[in-house]
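S.K.: my questions are about this predicted structure, shown below with the sequence.
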Amino acid sequence: MSKQFSALGVSAPILKALGELSIVEPTEIQQRTIPLLLSEKHDVVGLAKTGTGKTAAFGLPLLQLMDTELPVVQAVILVPTRELGHQIFKNLEDFSKHIPNISIAATCGGIPIKPQIERLTQPTQIIVATPGRLIDLIQRKAVDLTQTQYLILDEADEMVSILKESLDEIIAELPKKHRTLLFSATLPGTIKQLIQNYLNKNVVQISASMETSGNQGIDHQYIVVDPIEKLDVLMHFLNSREGERGIIFCKTKAAVNKLAKNLAINRFSSGALHGSLTQGIRDRIMDQFREGHINILVTTDLAARGIDVKEIAYVVNYHLPDTYENYVHRSGRTARAGAKGLSLTVLQEEEVVEIPEFEEELGIKFTKFEKPSALSLEENNTLLWAKQIFKTKPNHDISSDLKAKVKTVFHHLTKDELIEKLLANYVLQNKIDVVEKPVKKFKK
């Protein structure tokens, strides 16, 4: 491992940290970017898909280029969301563990600004920031960027609209001679325009792992459902992957809340994430997911930026993404660091025509995921009902007298007999529901 990274020019303190992190082999984007950033002075555009190690590609050389004897901000890393900022900050802290006197600060929106202002009164070489919060700090004269030599735009395709409004104000604070490094998973026209406007005309472009959109370890599949059975099919899938970690993407906040409520009712270990939640709640949910306290994260596209969690076995597109770029980012949450993963897209019949378009645009191949039979869905719903009973906490407010009377009703039954009767009652009630609802509607 050390020989491979050392051949790229990585210094001994960083090599030691990489060894402790069990980072064994440089990815393609790292192999091509690290030597260039260390030895050249050009602006750089790095294109590589989600999950291919872009943070280390710019983070390792950036840490090495810092003058730790100089207590001023020498590099600014702009990110679209606080979640991604938090992830990059943590990565840089891990990479720089053995570099004496290195100081990194995270100044992202969504949390109180005063502690960040106090933090920046201390010597700081690298700032990880969201554009809006950085401008706020600039306007408050809380940060000095007059000696900043490096501006890094990470996940640039996800913050184009933000950068259009804020980049001029940020660059005005930097020295005229500074180096801009732009990293992105995709290269839409808006990014090309941004490169033309803000990067040197001699910019060097690096494309790595672009022959297909996303990691080779991702199995892209789709399943076709009727709207009425969509939730049951999802529950069947989740039950079949019990114990594994996954992310479910929805198009809207309302859809996230509704689906998360259904998962909670069915006792799945899950949490919801979207932009309307307070930052404290978002942080708590993300920490629970990272630490494995919950297995399923239901989220919108924006809220999921920066989710770099190992061992995510699957991603479910509960709603088809609006753009090809969003599909790349969604599917890239799984199969990270050389692992395998499944990206399952749930479609209605009229949406199937879009699959060939995604295949052609992204250079990937979808296979069809077989829908479970009606009987299998019924059996799964029965299992979920049983789990609901098993995981229901006892109600201690029920009187002892009533409990005793209920026990008397069941006291002569064995466990097997009780289960048989419960199952029979469940099946009977479900059949009654199916018959009675149309009848009641007809009577009206």
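M.R.: Thanks, I have the structure now. Computed from a predicted model, the values in this text were never measured in an experiment. Numbers count the residues shown, from 1 in each chain.
S.K.: where does the stretch 51-200 of the chain dip in pLDDT?
M.R.: 51 (pLDDT under 70).
S.K.: break this structure into its domains for me.
M.R.: Following automatic domain parsing, one finds the domains of the chain at 2-208, 218-374, 394-443.
S.K.: quick one, which of those domains is nearest to Lys387?
M.R.: Lys387 lies closest, by Cβ to Cβ, to one member of the domains of the chain: domain 218-374, at 5.2 Å. To be clear about C-beta, it is placed using only N, CA and C from the backbone, and glycine gets the same treatment.
S.K.: before we move on, back to that, let's have the domains of the chain in JSON lines, adding mean neighbour count and distance to Trp385.
M.R.: Below are the domains of the chain laid out as JSON lines (neighbours: other Cβ atoms under 10 Å; distance: least, Cβ to Cβ, whole Å):
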{"stretch": "domain 2-208", "mean neighbour count": "18", "distance to Trp385": "35"}
{"stretch": "domain 218-374", "mean neighbour count": "18", "distance to Trp385": "9"}
{"stretch": "domain 394-443", "mean neighbour count": "9", "distance to Trp385": "6"}
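S.K.: tabulate those (a markdown table), appending distance to Gln388.
M.R.: Listed next are the domains of the chain as a markdown table, based on distance: least, Cβ to Cβ, whole Å:
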| stretch | distance to Gln388 |
| --- | --- |
| domain 2-208 | 32 |
| domain 218-374 | 6 |
| domain 394-443 | 11 |
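S.K.: the most centrally placed residue in the chain sits in which helix or strand?
M.R.: Central residue of the chain (Cα atoms, centre = their mean): Ile307, 3.0 Å from the mean position. When elements are assigned from DSSP states H and E, Ile307 belongs to no helix and no strand.
S.K.: close enough to count as contact, it and Ile285?
M.R.: No - the criterion here is Cβ atoms under 8 Å, and Ile307 misses it with Ile285 at 10.7 Å.
S.K.: which neighbours do the two share?
M.R.: Both Ile307 and Ile285 are contacted by Leu297, under the criterion Cβ atoms under 8 Å, 6 or more residues apart in numbering.
S.K.: show me the contacts for the residue nearest to the centre of the chain.
M.R.: 83, 87, 247, 286, 289, 297, 299, 333.
S.K.: ok, now Leu199?
M.R.: 43, 45, 180, 182.
S.K.: tell me which of those is nearest to Phe366?
M.R.: Checking the contacts of Leu199 against Phe366 by Cβ to Cβ gives Val45 as the nearest, at 29.5 Å.
S.K.: bridging residues for that closest one?
M.R.: Leu182, Gln205 (DSSP bridges).
S.K.: could you pull up the residues touching it?
M.R.: Counting by Cβ under 8 Å, 6+ apart, Val45 touches 182-184, 195, 199, 203-206.
S.K.: local confidence estimate at it?
M.R.: With respect to pLDDT, Val45 scores 94.
S.K.: now render the contacts of Ile307 as JSON lines, adding secondary structure.
M.R.: What follows is the contacts of Ile307, written out as JSON lines (DSSP: H, G, I helix; E, B strand; the rest coil):
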{"residue": "Glu83", "secondary structure": "helix"}
{"residue": "Gln87", "secondary structure": "helix"}
{"residue": "Ile247", "secondary structure": "strand"}
{"residue": "Met286", "secondary structure": "helix"}
{"residue": "Phe289", "secondary structure": "helix"}
{"residue": "Leu297", "secondary structure": "strand"}
{"residue": "Thr299", "secondary structure": "strand"}
{"residue": "Arg333", "secondary structure": "coil"}
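S.K.: mind putting those into TSV with distance to Asp168?
M.R.: Formatted as TSV, the contacts of Ile307 follow (distance: Cβ to Cβ, whole Å):
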residue	distance to Asp168
Glu83	26
Gln87	27
Ile247	35
Met286	32
Phe289	36
Leu297	36
Thr299	32
Arg333	33
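S.K.: Phe95 - nearest residue in space that isn't next to it in sequence?
M.R.: Leaving aside its chain neighbours, Phe95 sits nearest to Ala17 (5.4 Å; criterion: Cβ to Cβ, 6 or more residues apart in numbering).
S.K.: is it fair to say that neighbour lies in a helix?
M.R.: Yes - per three-state DSSP, Ala17 lies within a helix segment.
S.K.: in this structure it contacts Glu93, no?
M.R.: No - Ala17 lies out of contact with Glu93 (Cβ under 8 Å); the separation is 9.7 Å.
S.K.: and the gap between Tyr291 and Asp94?
M.R.: Residue 291: Glu, not Tyr. Applying Cβ to Cβ, to the nearest Å, the value for Glu291 to Asp94 is 16 Å.
S.K.: could you list the buried residues of stretch 382-396?
M.R.: For stretch 382-396, burial by neighbour count (16 or more other Cβ atoms under 10 Å) applies to 384-385.
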